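S.K.: I would like to see how this sequence folds:
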Amino acid sequence: MGTAPVFASVSEAMDMVRAGLAFVVGADATELSTEEQAETLRNLEQANSILSAARTCVLGTFTAGKGYSADADYSPCSWLMHQTGVTPGAAGAYTAWVKRAARHPEIFTAKASGEVSESHARKLCTWTDKLPEDQRHEADKILADEARAGASLRDLAELAAEILARCRPDEPDQDPDEDFDDRSITLQTTFQGAGVLHGDLTPECASIVGQVLDALGGLAGTGDSRSKEQRYHDALQEAMRRLVAANLLPERAGQPVKALVHISLGDLTHLNGSAYLTDQWIDGVRAKWAARRAAASETGSDGGVWLDGKAAEAAACDASLIPIVTGDLDVGVLDDLVRLCAHLDRLRRDGTTPAATALELRPGTSPGAVTGAARVQDILEQEIIGKAIALLSGPGGLASFLRRRQLGSRLAGRSLPLDIGYSSDIPAAIRRAVIDRDQHCQFPNGCDQPAAGCEVHHLTHKADGGKTSVKDCMLFCTHHHQVEIHRNGWTVVLNPDGSVTAWNRDRTKVLHSHRRNHSPPPRPG
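M.R.: Numbering: from 1, shown residues only. Got it, this is the predicted structure:
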């Protein structure tokens, strides 16, 4: 009899496991006999049961210690999705085993030894969960012993049903609403819009759903080659279509569909006539810019003066830059864009830049934070991207101008006032724009809670002078907004390129998302 291997650490043991599985993956299965293939499959199923048990043990301790909170996640299920790359269904299955192991130690032990498969163990737990707690342990032991002895799933089901029937008369009304409380329906949208529907129906719901599917899912003639499952799918779709067409859904006023039409700026510029309209828009911007400069030079405006050339360069070298956001085209953005491009061009030509010029790009930046021309060039490019987006978007931007001139009346209405300065609350227009832009929680640990479960957050707290505008607000789920940001002290910033960075209170952990891009991809061709 061999002895169990001795490992110096869990990491060493995991390396051995990975090496063994990698060997099996790399082996040529065609060189194995049928008996060897069968034995390998049996061993792999045992290994899968043991692997599931090992995961459960570690995950149970990880959950009890709230280890997931170190990465600003609100649950072990969320942490598994974001940190290990598993689907919500898989994460839910892993965390469910932590609870099962506590309720069914006999069955969990049988699974951990590899004597009972993971799927059989899960089924046994489901059956004995219906028993009173004081009778569950004995039932688990009986079923686990029978499973170890090789009983089939059918035999185990019959035995579990007999145990349940013998135990129920003792407390017939212990929890009459248990089955009703377990009712649920989940609809998950998969790649390319397909859906996966799962549910636990009450007897009443199952009865009426069955009647509908049977009534609408019959054969459509002798040439109907659909399977029963396909006919039931089509029957469900037909039932939902009839419900919508009958105007029986609340608050729809007979409108079956609400469409959000996404049109990229690239698509708008390729429509017939857009070149002429773009030139017209540029002429208008040039005129507004000139008018603003002329008025400021005569009146002095609010104490400022419009400068260009070397005078502007000298004045801007050590100036405090204050962005002004209005409901129309912000010509100040154009000034910033020109200035930044000039700095970037100079940097690329001679590879140097005055320290003061570099520091003015990031108010509050310490001299030690700027580490050479490469870093300054990166900052400049980020700022230019942000200014270019601000120039082309918004009610007075090129995108809005082309939309109002090129598209039909239903899509050519007035633009919403997306950037309106400070407000004591978040207006509906800004809220809708932030939701449409973000679509889900933007905390950069991978959280994908949908907009319906999120709140709009000021990136700079209102108490610290934060402004209420689209670019200064972002969507976060309740946990990340109320708990991680406001209670645990996480700071979140939106970078000019659309990516999001967050760090915890003591800056020991920094999270960074990829550049956001929620717009539909451009059409091919």
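
S.K.: Doesn't residue 492 belong to a strand?
M.R.: Yes - assigned with DSSP: H, G, I helix; E, B strand; the rest coil, residue 492 falls within a strand.

S.K.: if I pick it, what's in contact with it?
M.R.: Listed by CB atoms under 8 Å, 6 or more residues apart in numbering, the contact partners of residue 492 are 442-444, 457, 459, 474, 476, 485, 500-502. Glycine gets a C-beta too; all of them are placed from N, C-alpha and C.

S.K.: out of those, which are buried?
M.R.: 442-444, 457, 459, 474, 476, 485, 500, 502 (16 or more other CB atoms under 10 Å).

S.K.: want to throw those into a markdown table with pLDDT?
M.R.: Converted to a markdown table, these look like this (pLDDT from 0 to 100):
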| residue | pLDDT |
| --- | --- |
| 442 | 88 |
| 443 | 89 |
| 444 | 88 |
| 457 | 83 |
| 459 | 82 |
| 474 | 87 |
| 476 | 88 |
| 485 | 85 |
| 500 | 87 |
| 502 | 91 |
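
S.K.: Considering those, which is situated nearest to residue 434?
M.R.: residue 474 (6.8 Å; CB to CB).

S.K.: picking up where we left off before, looking at the contacts of residue 492, which are in strands?
M.R.: 457, 474, 476, 500-502 (DSSP state E).

S.K.: need the residues you listed in JSON lines with distance to residue 10, can you?
M.R.: Shown next, in JSON lines, are the ones in strands among the contacts of residue 492 (distance: CB to CB, whole Å):
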{"residue": "457", "distance to residue 10": "39"}
{"residue": "474", "distance to residue 10": "39"}
{"residue": "476", "distance to residue 10": "35"}
{"residue": "500", "distance to residue 10": "34"}
{"residue": "501", "distance to residue 10": "32"}
{"residue": "502", "distance to residue 10": "30"}
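
S.K.: Between these, which sits nearest residue 214?
M.R.: Closest approach between those and residue 214, by CB to CB: residue 476, at 45.7 Å.

S.K.: mind listing what's buried in the longest helix along the chain?
M.R.: In the chain, with assignment by DSSP state H, the single longest helix is helix 34-64. The neighbour-count check on helix 34-64 (16+ other CB under 10 Å) flags 46, 49-50, 52-53, 56, 59-60, 63 as buried.

S.K.: one step back: list just the nearest of the ones in strands among the contacts of residue 492 to residue 75.
M.R.: Closest to residue 75, out of all of the ones in strands among the contacts of residue 492 and judged by CB to CB, is residue 476, at 15.8 Å.

S.K.: follow-up on the earlier one: how about the buried ones among the contacts of residue 492 in CSV, adding distance to residue 102?
M.R.: Putting those into CSV (distance: CB to CB, whole Å) gives the following:
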residue, distance to residue 102
442, 35
443, 30
444, 34
457, 37
459, 42
474, 39
476, 33
485, 33
500, 37
502, 34
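
S.K.: Distance check, residue 512 against residue 29.
M.R.: Noted for residue 512: a distance of 42 Å to residue 29, by CB to CB, to the nearest Å.

S.K.: So, low pLDDT: which residues of the stretch 51-200 of the chain?
M.R.: 168-182, 190-193 (pLDDT under 70).

S.K.: switch the cut-off to 50
M.R.: By pLDDT under 50, the low-scoring segments of the stretch 51-200 of the chain are 172-173.

S.K.: do the same with the stretch 351-500 of the chain
M.R.: 353-370, 416-422.

S.K.: Can you show me the helices along it?
M.R.: Per DSSP state H, counting those that start in this stretch, the stretch 351-500 of the chain carries helices over the ranges 355-360, 373-392, 398-406, 428-438, 478.
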